[in-house]
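> sequence below, structure please.
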Amino acid sequence: MQERDLKFEKYLKNMPVMPDVASRILAMADDKVDISFKELEGIIKVDAGLSAKILKIANSALYARQREITSIQMAITLLGFKNIKSLVMLVTASNMGKSARNSAFYQSFWRHSIHSAFMSRHMCLRAGLRDDAETAFIGALLHDIGQVAFYNTDESRYLEVLQEVIYGGSAIDVLERDAFGTDHRELGASIFRNWFFPDSLVDIAHEHGSLNIVSSHKQIILVVSVADMITDILGLGIGPGSEERLKEYLPYAPISEDDAQYYLTAYLADMQNDPLLQQCQELFQIEKLTV
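Next up, the predicted model:
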């Protein structure tokens, strides 16, 4: 464990070990052309449960082809490496906190995270940042992972923090630092480093919501931050959202005001019947979106 992360050890031990399959796939560079489909297939097939779930999602209406996708190799060929990477992380993430999945915290956490992920990817594609879309999706899916570590370590204390966020209107990072000596952004970055995640995901966890971004992955962080804020405003987060904060943030992000209005007013209705979103809601066992 890196020296800078020693102060987080008590939180890290309450997080699941990242499965080897997910770690190996995340470590692969998106542009590493020397990785054969056969090698990637071999990594995924080590985990039979993961393979089965990926095939189920790949055969959803979103990815439907004229014939059923019957193998991981076929899924990789049809969907491509980046989409497969996102599916691996979706399945892996769905196993986190599985024993407490029906708790109010996990229901709220995953509802917010999933919608942030889908919105982030949609924003990247809409803004012409196609190469960043899947990184934004994974980063947004797990951007608040530090909250899970707080909850797993001291459930009652963290629920008190969240109650104060909801009813007192205080900033969550301020309350977290008062209660735990750090906030979920710093803790989330530490977790990702401990899991050997790519720098882009570490930086998303650490700097989302900030206007003082030092990361070289600034564009992706800005997109995830805007999606995070809009999801909160739409009532799909733990605490109340702030349109004033969003307005302050938008001039720095690759999202126009008109696009932001679309996400605030029409996006959820457009996504209501999205088959991949429906698959994710089933995977995480959260209530289906109704508009």
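
> for the helix or strand where Gln261 lies, buried residues please.
Under the assignment given by DSSP states H and E, the secondary-structure element containing Gln261 is helix 257-265. Residues of helix 257-265 classed as buried under the neighbour-count rule (16 or more other CB atoms under 10 Å) are Asp259, Ala260, Tyr262, Tyr263. Heads up, the C-betas are built off the backbone N, CA and C, glycines and all.

> would you turn those into TSV with pLDDT?
As requested, the buried residues of helix 257-265 are exported to TSV (pLDDT from 0 to 100):
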residue	pLDDT
Asp259	96
Ala260	96
Tyr262	97
Tyr263	97
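
> and which of those is nearest Met119?
Looking at the buried residues of helix 257-265 and their distance to Met119, the nearest is Tyr263, at 6.3 Å (CB to CB).

> which residues sit against stretch 143-158?
Applying CB atoms under 8 Å, 6 or more residues apart in numbering, the external contacts of stretch 143-158 come out as 8, 10-12, 14-15, 96-97, 105, 109, 112-113, 116, 159, 161, 176, 179-180, 183-192, 204-205, 208, 224, 228, 238.

> weed out the non-buried ones from the residues you listed.
Among the contacts of stretch 143-158, those that count as buried by neighbour count (16+ other CB under 10 Å) are 8, 11-12, 15, 96-97, 105, 109, 112-113, 116, 161, 176, 179-180, 183-192, 204-205, 208, 224, 228, 238.

> from the residues you listed, which land in helices?
For the buried ones among the contacts of stretch 143-158, membership in helices holds for 11-12, 105, 109, 112-113, 116, 161, 176, 179-180, 184-192, 204-205, 224, 228, with DSSP state H as the criterion.

> give me the contact list for stretch 53-72.
For stretch 53-72, contacts defined as CB under 8 Å, 6+ apart pick out 41, 44-45, 51, 75, 78-79, 84, 87-88, 90-91, 274-276, 278-279, 283.

> if you set the cut-off to 6 Å instead, what comes out?
Contact with stretch 53-72 is made by Glu41, Ile44, Lys45, Ser51, Ala75, Leu87, Val91, Pro275, Leu276, Gln279, as judged by CB atoms under 6 Å, 6 or more residues apart in numbering.

> which element is the fourth one on?
Element membership of Ser51 [criterion: DSSP H and E] is helix 48-58.

> now swap in the second one and tell me
Taking DSSP H and E as the criterion, Ile44 maps to helix 37-45.
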